[in-house]
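Chemist: Build me a structure from this.
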Amino acid sequence: MKKILVPILAIVLMGCQDKENVNNDTAQQQTLAALLEYTVVNKIFQDVGNNGGDAVLSSESSASGKSSVKSEVDGPTITVEPLDLTTFPKTITVDYGTGVLCQDGINRKGIVTIVSTGWYRSVGSMHTATFDNYYHENFKVEGTHVVENLGLNQDNNLDYGVTIADGKVTAPTGVVVYYTENTTRTWIAGSDTPLNIWDDEYLLNGNQSGVSAAGVEYSLTVEEPLHFILLPRGIESGILDVDIANLTDVKINYGNNTITIFGQIYPFSS
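Modeler: Model (predicted):
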């Protein structure tokens, strides 16, 4: 996701100026700009959840003596305190230092601290992540990310409740986007290889909300579950209904990577 918000939005806004058949062009521009920001910020926070789960699983393996913690050569340095299998809560520190180019091609730096009340696959366990000068590429990430293991669903897949409070992403230009989330993530593939995050897939249901750089508030409800894959990283399908600036019939469709506003369809990069 080597993108900068401002250039993307500048291109979008210039394109919108050519749409003579659209009523209320200003509202449309602000809406499209806000939703394009959302597609970037959403992926950043989903990435935080993926890597946080990976860190907890790696910590369990380290505590059981199955493997050592990662080094900065092939990933972040992960430390666990206390380093045993039974004492909780644990503090798991994921340190990317001044920058680690990860397997998915994304450069991460800074520190993510996770406080866990149990191991990742233990029902009822909670994992609270906070950030210390943490960057996803050139985007600074702040907020509190909480994951709770809700147990197996009727399809025998693990469900996780996800809450993001005070989410904030700052672009290198100073553009700031705010974000919150209350969703359920279903782990549908890769659970049998817990130390390999890259074969994971999951479905996301629930609600998200945010405030754009221009101060536009929006909320999103999942109409069709978002299907996330990690390598190659992306969202394969899913549809979001959007409530934004008192507008209706606004949708984000990850199946064909389009945003629909006032019946006008715009593509975006996933």
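
Chemist: any low-confidence regions in this protein?
Modeler: 1-25, 65-74, 270 (pLDDT under 70).

Chemist: Helices of the stretch 1-150 of the chain, start to end?
Modeler: 5-16, 25-63 (DSSP state H, counting those that start in this stretch).

Chemist: Let's have those in TSV, adding mean neighbour count and distance to Asp249.
Modeler: Heads up, the C-betas are built off the backbone N, CA and C, glycines and all. TSV is the format used below for the helices of the stretch 1-150 of the chain (neighbours: other C-beta atoms under 10 Å; distance: least, C-beta to C-beta, whole Å):
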stretch	mean neighbour count	distance to Asp249
helix 5-16	15	17
helix 25-63	21	11
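
Chemist: of all the ones you listed, which lies closest to Ser125?
Modeler: helix 25-63 (8.5 Å; C-beta to C-beta).

Chemist: ok so, going back, and of the helices of the stretch 1-150 of the chain, who's closest to Thr184?
Modeler: Closest among these, using C-beta to C-beta: helix 25-63, at 11.8 Å.

Chemist: about what we covered before: closest to His127 out of the helices of the stretch 1-150 of the chain?
Modeler: Closest among the helices of the stretch 1-150 of the chain, once you apply C-beta to C-beta, is helix 25-63, at 5.8 Å.

Chemist: Surely Ser269 touches Asn257?
Modeler: Yes: counting by C-beta atoms under 8 Å, Ser269 touches Asn257, with 7.0 Å between them.

Chemist: more crowded one of the two?
Modeler: Legend: neighbour count by other C-beta atoms under 10 Å for Ser269 and Asn257, higher for Asn257 (15 against 11).

Chemist: The more buried one and Phe228: what is the separation?
Modeler: Going from Asn257 to Phe228 by C-beta to C-beta, to the nearest Å gives 14 Å.

Chemist: so where do the helices sit in the stretch 151-270 of the chain?
Modeler: Going by DSSP H, counting those that start in this stretch, the stretch 151-270 of the chain shows no helices.

Chemist: Identify the bridge partners of the closest residue to Val146 other than its chain neighbours.
Modeler: Nearest residue to Val146 in three dimensions, chain neighbours excluded: Thr163, at 4.5 Å (C-beta to C-beta, 6 or more residues apart in numbering). Counting by DSSP bridges, Thr163 is bridged to Val146, Asn182.

Chemist: residue ranges of the strands in the stretch 151-270 of the chain, please?
Modeler: 158-170, 176-189, 201-211, 217-230, 233-244, 247-253, 258-261, 264-267 (DSSP state E, counting those that start in this stretch).

Chemist: Distance to Ser61 added to those, as CSV?
Modeler: CSV is the format used below for the strands of the stretch 151-270 of the chain (distance: least, C-beta to C-beta, whole Å):
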stretch, distance to Ser61
strand 158-170, 18
strand 176-189, 17
strand 201-211, 20
strand 217-230, 18
strand 233-244, 23
strand 247-253, 37
strand 258-261, 41
strand 264-267, 41
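
Chemist: so which of those gets nearest Gly110?
Modeler: strand 158-170 (12.5 Å).

Chemist: any idea of the angle the closest one forms with helix 25-63?
Modeler: 120 degrees (axes from the mean of the first three to the mean of the last three C-alpha atoms, to 10 degrees).

Chemist: Tell me the buried residues in strand 158-170?
Modeler: For strand 158-170, a neighbour-count test (16 or more other C-beta atoms under 10 Å) marks Leu158, Asp159, Tyr160, Val162, Thr163, Ile164, Gly167, Lys168, Val169, Thr170 as buried.

Chemist: Please apply the same query to stretch 246-255.
Modeler: Leu247, Val250, Lys251, Ile252, Asn253, Tyr254.

Chemist: Looking at the residues you listed, which one is closest to Tyr120?
Modeler: Scanning the buried residues of stretch 246-255 for proximity to Tyr120, where the rule is C-beta to C-beta, the winner is Tyr254, at 25.9 Å.
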